[in-house]
Structure formats: C-alpha cells, structure tokens
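> here's my sequence, what's the structure:
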Amino acid sequence: MTAREVLKQCFGYDSFRNGQAELISHILNGQDVFGIMPTGAGKSVCYQLPALMMRGMTIVISPLISLMIDQVSALRANGIPAACLHSMMDGDACKDVLRRVYNREIKILYTAPERLETPSLRRIAEEVPISMVTVDEVHCVSQWGQDFRPGYLKIPDFISCLPRRPVLSVFTATATKEVADDVRNLLHLRQPFCLTTGFNRENLYFAVQRPRDKFQALLDFLKQHPGKTGIIYCISRRLVEQVTEELCLAGIPAVRYHAGLTDEERQRNQNDFIYDKVRLIVATNAFGMGIDKPDVSFVIHYNMPKNLESYYQEAGRAGRDGSPANCILFYDGGDIRINQFLIDNSGENPQIDQKTRELLRQKDKQRLRIMQKYCTDDACLRHYMLSYFGDTAPAVCGNCSFCQTNCEQKDITLETQKIISCIYHLQEKNLSFDAKSLTQILRGSKAKKYQEYHFSDSLSTYGIMKEIPETQCLEIIRFLISHSLLSEKENLLYVNRKSALFLKEKQKLSMPVKKISFPAESSQQKDKNTGTDEKLFGLLDQCRNTVAQKEHLPPYIVFTDMTLRDMCRKLPVSDMAFLSVSGVGRVKLEKYGDAFMNVIRNYTAQTRKD
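Residues are numbered from 1 along each chain as shown. Prediction:
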C-alpha cells in the first residue's frame, strides 16, 4: 500500500496535513528527520504511519506515562499493534508486552528515556529488529530548553548499542533556534530533513486579562461557556486546591490535579476528565503534556507561566480538533514575584556543575522577562509569540485580545492582486526576490540594482504601489505568506496554486489593521461550528458515550467531535459513505459503523415524518 492508502485505511483520513507527507517520505527513504510542528498538527501520524510500513519495530521515546497510554489506546482502537513499557505496570503486564515484542506482534513500542538502560530494553535492542527510533517532545534533550530531562541524554548511547543504526525521527512543538541546534548535535542526527510547519494555530483566540478579582473573572467566563471542556492552570498546589474548592462551592463541578495528591487520586481525576465525567480540571503545569484530548475548548492560566515555551505548550491543549478555542491568561504583578521565587529556588540537578546551573538560572530569568513582555506589551499577542519562535507573522492577527480591541478589517483585495501579479511577471523573467526587495520594486525604487533590470520599461507592475508606505506593503506581504497566498522558499517569494485561484476567481480579502482610537472592551471569538445539526450531533454523542463505556475507552478515542460533525454533514448510511467520513478507517467502520449509521438512519427517517 502507498502512504496515502495507509493513512485512510488505518487512520481514516483522506489527505495529509501540512508537512506530514514530506516527513513521512523522508523517513521511508531512510533519512533522519526533525519535525517542529504545533500541538494538534498531527506529529504522531508522521512517525506512526511509516512505522507500519517499515519491516521492523519502532521504539517511541516519550516523556510521560499518560501520553504513552493515550497514544497506545488510540492506535489499538484503529487496529494497530502497539504497546508501552512504563514504571506503573506490574510484572505480569511487562512480561506480556515483552512476550509480544519477541513474537514480532508489536509494531510500535512506547517507553520512557530512563528505561533505555534497563536489561529488558537492552535485550530488545539486541534481539528484535528496530527500524526506527522516534523521540517525542525532543526539546527535553536540551538543557537550554524549558523542560530539560537528563534521561534524554541516554538516547545516543542506546542507539549506538543497536546492531544496525535505525532511522531517527524527532519531534517537538516548541524549539527556538538555540534548542533546535542543541537537539541536532546531542542526538547526532545524520543530515536530517528538518521541517518547521509553523507555530500558528489559527483556531486559537489568545487573550491577556488583568482582572481585579481573578476568581470572579473565571466565574464570568465559565457562565458564558456552559458545558464546555476546559483546563485551568494555577501556579501552585495551594491555588489549585483553593480554586477547585471555590468552583465546587459555586455549583461548578471540577477536579484537581497536582503532585501533592496520591497517585490514585491523580489518576482518578485525570480519568474523570478524559472520560468526560467532569468537564473542568484545575491543575499545576504537571498536567496536560500527556493529554491528547481533542475537545478542550478553553485553557485558562490563572497565573502567568514562567516562560513563553511553557505557555504555548499548555495553551496548545485547547482546540486540538481544529475547533475555535480560547486561551486566556489572567495576569498581575504578583505572578512575576512568584515565578522569580520558583526560579531562584528550583531543585538542584546533580548532573550539571555550579557554573552551568547559574547559566540556566539566568536563562530562566531571561525567559521570564520575555513572558512578562507578552503580558504587558501593547501589541498583537500572536505576532509576539510567533516572532519569538522565529515564525513569520503579520503585525496584527485579528484573533487575539489586542487585535479585536485595537484593530479593524481593511480591504486589501486590490493590493493583493498587484502583489501577486508583480511576482508572476517576475517569475516569467525567471526572477525572484525577497519581501523587502519586492516592496521596493512595487514602490518603484530607483536603486541601481533594479535599474540594471530595466524594470521601468519591461515590468508593468513596477511602481504600481508607490503610494503605499513601505512598512504597510511589507505587512500585507507577510499577511499573504501567513495565509498561504504566497510561497516563501529561502526568503524568496513565489506565486502558488492558491495565488492563481485568488486572481482567477476574483476573490475578496481583508486583513486586520490597527485602529486610530481604541474601544474599552475586547470581544471573544465565537464558535464557528455552523452548519451542524446539533440534535443529531447530540444523538451521535450519546452513541459514542455508550460505545466508549462498553469498550472502556475515552469517547474521543472512539471518534472525535470533528468526526461526529462530519457525520452530521454527510449523513452516511452505507459502508462506503461511512468510510468517506474524516477520521473513519476500515477498523472503525467494522467496529462502530453499524451503531452510528443506525442512529443516522433513525434520525433521518423521523425527520422525514416530522
């Protein structure tokens, strides 16, 4: 089978997301890869799919037990032979996994980095063919990253002890250039194919608020979003306890999660959240990294985190299914003092010397200042965040608290037509330029380097935007790049299929620009799940819950909300039609198809009668 056929049959999707096909192709060609992709962009498919097509077994190194369990459950639900080895398993369970590994019954094995030195993993390395080693959350390998984990430094030794070096694929959602360089060096990646698909999550609305009473602000938000699933992050165990108790007293069910609870309560509360028994969980930042729950519609930070990497990762728990979601941060000056205290009193790592320890502390303080600037700057929040990660971003995004308060939509249809036409005519001459140079051409620059091309005589679009200020012209170009209306390769600009369609179909386009005067109140992004029959969705949701309880699975492992909404649109009542639903593969059709199609048949029959 081809990679696309495996994608449909095993995962239920008809097409790859941005970057997936390229990463998978290079893995299957035997090349190391390094993928930097935002949370919810489909990183796991990039290594799970080629793992199924390769001859041997793939070992996935993952930092959290909950993440392993969640991934394995999802794979098994799709009929994929996967397992994990972790410290919470009893002896019999470990033996059963090892037996299946040696019998070649497992294609994907998850484990923690600390287990790589155990006799059981060493024996697997010697006796079982390993086609690929995947490192998830690979930023943990760098001591300059926000989540440095010494166990990740054991990975190169493990790979070197294998009889044959496998393909090494590594992934993360958060990596600055410094951390990415560190990853490549520490893991000894061999001429890796590196791909950053971008950090922008367009479906997320970002906001910073400075409420006088944080808890009242929280209550107001929850009243405006009844029945929605959300995570509330607090900076300390004490605050987790306080907020959870006050929510329950206010009649809003919530559970708590922090390191001070017993293992049993933490697991119980996490399961209640995952299995939709409770919609709200209040937690310290120890929670969420291993949670793949796609229907989280908001993440509220009760306090400012200590760095932008952590905030991006934690906020990224929202909207993993692509639905609009809110990421709200409550900020006050006290958050800085608390974070400063936590940095100054962080646990000592015995594996690093005093000089390095002090350098790391100074790095943490620098990250804290960057985080504070995010909360206090008078600028677009998304632009600030994406720029920090080295990503292209327009000056205003239109979907954050700053932009929705201080920006308005401006029609840029004519400007877009001029820019695309200019690049098209330049490509006809086998010429391409970067954004700044293109801006100068559009504005009719008299610079010597352009006179040599005789643009004034041979290029009809030369000087066509001379009335537009250079900064504004650059902002429009960056906006077009961020919305894929222009392609950028090695800083040079090109038209693409989307550019051609824009001109051919005479589309309209607007972009947010700063207002001259500002209103006092910001607005929230509204749910855009229009066109869904909510009554049918509710019936399908009930069916999903029944199936999930019977199989002891979280509901989203059976089908995500996005898959149920696609069922509502397509109304499939045959096997072939059901397979056309996004997220439905052959195994899920056989296991769940009849139950869900019966709901649709009965509903459509009743609707016709009514």
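
> show me where the stretch 51-200 of the chain has its strands.
Remark: strands assigned in the stretch 51-200 of the chain by DSSP state E, counting those that start in this stretch are 57-61, 82-85, 108-111, 130-135, 167-172, 193-196.

> with distance to residue 567 and mean pLDDT added, can I get the ones you listed in a markdown table?
C-beta here means a position set from N, CA and C on the backbone, and glycine is covered the same way. Shown next, in a markdown table, are the strands of the stretch 51-200 of the chain (distance: least, C-beta to C-beta, whole Å; pLDDT from 0 to 100):
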| stretch | distance to residue 567 | mean pLDDT |
| --- | --- | --- |
| strand 57-61 | 31 | 96 |
| strand 82-85 | 26 | 94 |
| strand 108-111 | 28 | 96 |
| strand 130-135 | 32 | 96 |
| strand 167-172 | 30 | 95 |
| strand 193-196 | 32 | 92 |
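
> quick one: closest of those strands to residue 18.
Among those, strand 193-196 comes nearest to residue 18, with 9.5 Å by C-beta to C-beta.

> got a pLDDT number for the nearest residue to residue 124 once chain neighbours are set aside?
Once flanking residues are discounted, residue 124 sits nearest to residue 101: 6.0 Å by C-beta to C-beta, 6 or more residues apart in numbering. Turning to residue 101, the model gives it a pLDDT of 95.

> next: the one 3 residues further on.
You'll see residue 104 listed with a pLDDT of 94.

> quick revisit: make TSV out of the strands of the stretch 51-200 of the chain and add mean neighbour count and distance to residue 586.
Formatted as TSV, these follow (neighbours: other C-beta atoms under 10 Å; distance: least, C-beta to C-beta, whole Å):
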stretch	mean neighbour count	distance to residue 586
strand 57-61	25	21
strand 82-85	22	17
strand 108-111	24	18
strand 130-135	24	23
strand 167-172	25	25
strand 193-196	17	29
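
> so can I have JSON lines of those showing distance to residue 595?
Output for these, formatted as JSON lines (distance: least, C-beta to C-beta, whole Å):
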{"stretch": "strand 57-61", "distance to residue 595": "31"}
{"stretch": "strand 82-85", "distance to residue 595": "24"}
{"stretch": "strand 108-111", "distance to residue 595": "28"}
{"stretch": "strand 130-135", "distance to residue 595": "34"}
{"stretch": "strand 167-172", "distance to residue 595": "34"}
{"stretch": "strand 193-196", "distance to residue 595": "39"}
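
> looking at those, which is closest to residue 593?
Minimum separation from residue 593 across these (C-beta to C-beta) falls at strand 82-85, 22.4 Å.

> that closest one - contacts with which helices or strands?
When contacts are defined as 3 or more C-beta pairs under 8 Å, 6 or more residues apart in numbering; DSSP states H and E, strand 82-85 packs onto helix 65-77, helix 91-102, strand 108-111.

> quick check: which of those is buried the most?
Between these, strand 108-111 has the highest mean count of neighbours, a mean of 24, where neighbours are mean count of other C-beta atoms under 10 Å.

> show me which positions of the lowest-mean-pLDDT helix or strand in the chain end up buried.
When each helix and strand of the chain is scored by mean pLDDT, DSSP states H and E, strand 510-514 comes last, with a mean of 81. Along strand 510-514, these residues count as buried under the neighbour rule (16 or more other C-beta atoms under 10 Å): 511, 512, 513.

> from memory the last one sits against residue 403, does it?
This points to residue 513. No. Judged on C-beta atoms under 8 Å, residue 513 makes no contact with residue 403 at a distance of 9.5 Å.

> what residues do the two have in common as contacts?
residue 396 (C-beta atoms under 8 Å, 6 or more residues apart in numbering).

> so residue 332, which state does it fall into?
Here residue 332 is recorded as coil under DSSP: H, G, I helix; E, B strand; the rest coil.

> I figured it hits residue 209, correct?
No. When contacts are counted by C-beta under 8 Å, residue 332 is not listed as touching residue 209 (9.9 Å).

> show me what contacts residue 340?
Neighbour list for residue 340: 365, 368 [criterion: C-beta under 8 Å, 6+ apart].

> please shift the residue numbers so they start at 18 in all later answers.
With 18 as the first residue, the last one maps to residue 357.

> circling back to that earlier point, quick one: which of the strands of the stretch 68-217 of the chain is nearest residue 450?
Between residue 450 and the strands of the stretch 68-217 of the chain, the shortest gap by C-beta to C-beta is with strand 210-213, which sits at 22.5 Å.

> what does the model give residue 350 for pLDDT?
For residue 350, pLDDT reads 83.

> ok, now residue 547?
The predicted local confidence for residue 547 is 48.

> if we can go back for a sec, which of the buried residues of strand 527-531 lies closest to residue 293?
Taking C-beta to C-beta as the measure, residue 529 is the one of the buried residues of strand 527-531 closest to residue 293, at 35.6 Å.

> hang on, the earlier thing: gap between the least confident helix or strand of the chain and the chain center?
Centroid separation for strand 527-531 versus its chain: 25 Å, with C-alpha atoms, centre = their mean, to the nearest Å.

> for it, name the packing helices and strands.
strand 424-428, helix 487-499.

> following it, which helix or strand comes up?
helix 551-568 (DSSP states H and E).

> and the gap between the residue nearest to residue 137 when sequence neighbours are not counted and residue 138?
Spatial nearest neighbour of residue 137, excluding adjacent residues (C-beta to C-beta, 6+ apart): residue 115 at 6.1 Å. Distance from residue 115 to residue 138, counting by C-beta to C-beta, to the nearest Å: 10 Å.

> any residues in contact with both of the two?
In contact with both residue 115 and residue 138: residue 102, using C-beta under 8 Å, 6+ apart.

> domains of this protein?
If you go by automatic domain parsing, the domain ranges for the chain are 20-213, 221-407, 430-525, 551-626.
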